[in-house]
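model this:
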Amino acid sequence: MDPQFPAQQFFDPAVIKPGDLMGFSGEGFTGDIINLGTYGIPRWGICHVGIMGEAKDGRLLLFESTTLDDLPCEITGARFDGTQAHQLDAVLQRYRGKVWHYPLYRTLYAFERQRLSEFLVGTIHVPYSKMDAFRSSGLGLSWVETLISEADLHQIFCSEWVAAAHAYVGLWPTNNFGRWNPNRLIRYLRSHGVLRLPRRMTP
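Have a look, this model is predicted:
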């Protein structure tokens, strides 16, 4: 952990807010493949992304769609391959790789926070979509498929859920959630001013 940013500071609501994104740069083979397929740098680019949101009891949690986390979901209490919510500190302690905090360009209004929470909690425990994750990478003609296919949240991969959540709140327009892989999503949101400069949260 960077000594300039002690762990407790990251959990100050003034630092990490609902709607902020967490980008993950994994150290494993899977993360390397995702980065190579999405024009990212292995071990440095973003191979997974999650979004901060509030549970019904007001807790600020990391919402992510994943198959690689064996933590039980904080909302359902179950381990699951798909959409789930975790305490951010628990994820940081277990994650092998770099984690980046991408703050939104502004704090959400109260009604936006409520909409975000309603969307995220309402789409918890949806199965992970490996096929959509592959299509979002743009390998072969798969990217063309994402352009012509309609949004389908019956199965969800990580960046698809984040894009859908931001669109539901109204932060930026997209009607095709499946086209956004982690690297493409982060690059787009940074270049359009939706996200501010990231800070690194792990060594």
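
Poorly predicted segments of this protein, please.
Filtered on pLDDT under 70, the chain yields the residue ranges 1-14, 29, 31-32, 35-36, 39, 132-152.

what's near enough to touch the residue most central in space within it?
Of all residues in the chain, the one closest to the mean position by Cα atoms, centre = their mean is Gly50, 2.0 Å from it. Contact analysis of Gly50 by Cβ atoms under 8 Å, 6 or more residues apart in numbering lists 21-22, 24, 62-64, 158, 162. Placement of C-beta: from N, CA and C, glycine included.

Give me the spatial nearest neighbour of it, chain neighbours excluded.
In this structure, Gly50 finds its nearest non-sequential neighbour in Glu64, 3.4 Å apart by Cβ to Cβ, 6 or more residues apart in numbering.

ok, back up a step: closest to Lys98 out of the contacts of Gly50?
Ranked by distance to Lys98 (Cβ to Cβ), these are led by Phe24 at 7.4 Å.

did I read that right, that closest one in a strand?
Yes: Phe24: assigned to a strand according to DSSP: H, G, I helix; E, B strand; the rest coil.

Quick check: bridge partners of it?
Here Phe24 sits in beta bridges with His48, Val99, as judged by DSSP bridges.

Near it, how many other residues are there?
Phe24 has 23 neighbouring residues, counting by other Cβ atoms under 10 Å.

OK, contacts around it?
31, 46-50, 95, 97-100, 182.

repeat that for 10 Å
Counting by Cβ atoms under 10 Å, 6 or more residues apart in numbering, Phe24 makes contact with 31, 46-50, 64, 66, 68, 91, 95-100, 158, 182, 202.

Check His101 too.
Counting by Cβ under 10 Å, 6+ apart, His101 touches 5, 10, 15-16, 20-23, 52, 88, 195-201.

Go through those residues and flag which are in helices.
Leu88 (DSSP state H).

List buried residues within the contacts of His101.
Buried members of the contacts of His101, counted by 16 or more other Cβ atoms under 10 Å: 10, 16, 20-23, 52, 88, 195, 198, 201.

will you turn these into a markdown table that also has distance to Tyr168?
Putting the buried ones among the contacts of His101 into a markdown table (distance: Cβ to Cβ, whole Å) gives the following:
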| residue | distance to Tyr168 |
| --- | --- |
| Phe10 | 25 |
| Ile16 | 20 |
| Asp20 | 16 |
| Leu21 | 15 |
| Met22 | 18 |
| Gly23 | 20 |
| Met52 | 15 |
| Leu88 | 21 |
| Leu195 | 17 |
| Pro198 | 23 |
| Met201 | 26 |
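
hang on, Phe63 is in a strand, isn't it?
Yes: with three-state DSSP as the criterion, Phe63 is part of a strand.

how much space is there between it and Pro42?
25 Å (Cβ to Cβ, to the nearest Å).

okay, the two: which has more neighbours?
Set Phe63 next to Pro42 and count neighbours by other Cβ under 10 Å: Phe63 wins out with 30 against 17.

what are the bridge partners for the more buried one, then?
Going by DSSP bridges, Phe63 is paired in beta bridges with Ile51, Ala85.
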